[in-house]
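In: no sequence on hand, only this structure:
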């Protein structure tokens, strides 16, 4: 059986990359615009002065209503955990504080994704143009791996600060002392390092191809002389 009978099966990757390149570029600009909008929203929130019951709540926070009105607030911490706190314990500044923490988390996440989309757009463009052995592709992959490592470290710290803000704001003193404990996400280091390793191998392959191509060209030119 000839294992190379489908030698053109990867041709579809070049075709798909023609569509993925502008899509990644669009996602890059969407990320930048969203960051600017979040900054504007945070400025608007600063000047808001309404009753707690009328305040527009973030997605993770809900009012628990009864016939007499709002009895308490439900705050979703993620991974299945919620905090239920009486309305009397929640002030407008408390809600603003968690909104700011949530906006900071979103901005940090988008700030990591934006350059990833930008680099992927360049990679897809090179693949679409069949510049598969361009050493720029290896550099792009290495940059993506580096962003994954650094970005996840920063996002992890911001995420922990965000959870701490929620718990320290809405848990009652009777719940015990609350402290923040920053940890390190080894998964991001492993994944990012693996991406960088792949990029380095790809770069080595591109460099080897370039040298062999140069040698072949030089030999052909000598024969023609």
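Out: On my side now, so go ahead. Here the structure is a predicted model, which means the values were calculated and not measured.
In: low-scoring stretches of this protein, by residue?
Out: Counting by pLDDT under 70, the chain contains low-confidence ranges at 1-11, 13, 65-71, 78-80, 172-194, 197-225.
In: wait, is residue 63 part of a strand?
Out: Yes - with DSSP: H, G, I helix; E, B strand; the rest coil as the criterion, residue 63 is part of a strand.
In: contacting residues for it?
Out: Residue 63 is in contact with 53, 57, 70, 72-74, counting by C-beta atoms under 8 Å, 6 or more residues apart in numbering. C-beta here means a position set from N, CA and C on the backbone, and glycine is covered the same way.
In: tell me the one of those residues nearest residue 113?
Out: residue 57 (25.3 Å; C-beta to C-beta).
In: would JSON lines of the contacts of residue 63 with neighbour count and distance to residue 122 be doable?
Out: Formatted as JSON lines, those follow (neighbours: other C-beta atoms under 10 Å; distance: C-beta to C-beta, whole Å):
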{"residue": "53", "neighbour count": "12", "distance to residue 122": "50"}
{"residue": "57", "neighbour count": "15", "distance to residue 122": "40"}
{"residue": "70", "neighbour count": "16", "distance to residue 122": "51"}
{"residue": "72", "neighbour count": "18", "distance to residue 122": "50"}
{"residue": "73", "neighbour count": "22", "distance to residue 122": "46"}
{"residue": "74", "neighbour count": "15", "distance to residue 122": "44"}
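In: which of these sits closest to residue 99?
Out: The shortest approach to residue 99 among those belongs to residue 57, at 8.4 Å (C-beta to C-beta).
In: where does that closest one sit: helix, strand or coil?
Out: Note that with three-state DSSP, the state of residue 57 is coil.
In: from residue 97, how far out is it?
Out: For residue 57, the distance to residue 97 under the criterion C-beta to C-beta, to the nearest Å works out to 13 Å.
In: before we move on, the earlier item: wait, which of the contacts of residue 63 is closest to residue 17?
Out: Closest to residue 17 out of the contacts of residue 63 is residue 57 (41.9 Å), distances taken as C-beta to C-beta.
In: which ones are touching that closest one?
Out: Each residue near residue 57 by C-beta under 8 Å, 6+ apart is listed here: 63, 73, 95.
In: try residue 39
Out: Residue 39 makes contacts with residue 107, as judged by C-beta under 8 Å, 6+ apart.
In: okay, now residue 102: neighbour count?
Out: Here the number of neighbours of residue 102 (other C-beta atoms under 10 Å) works out to 19.
In: understood, closing this out.
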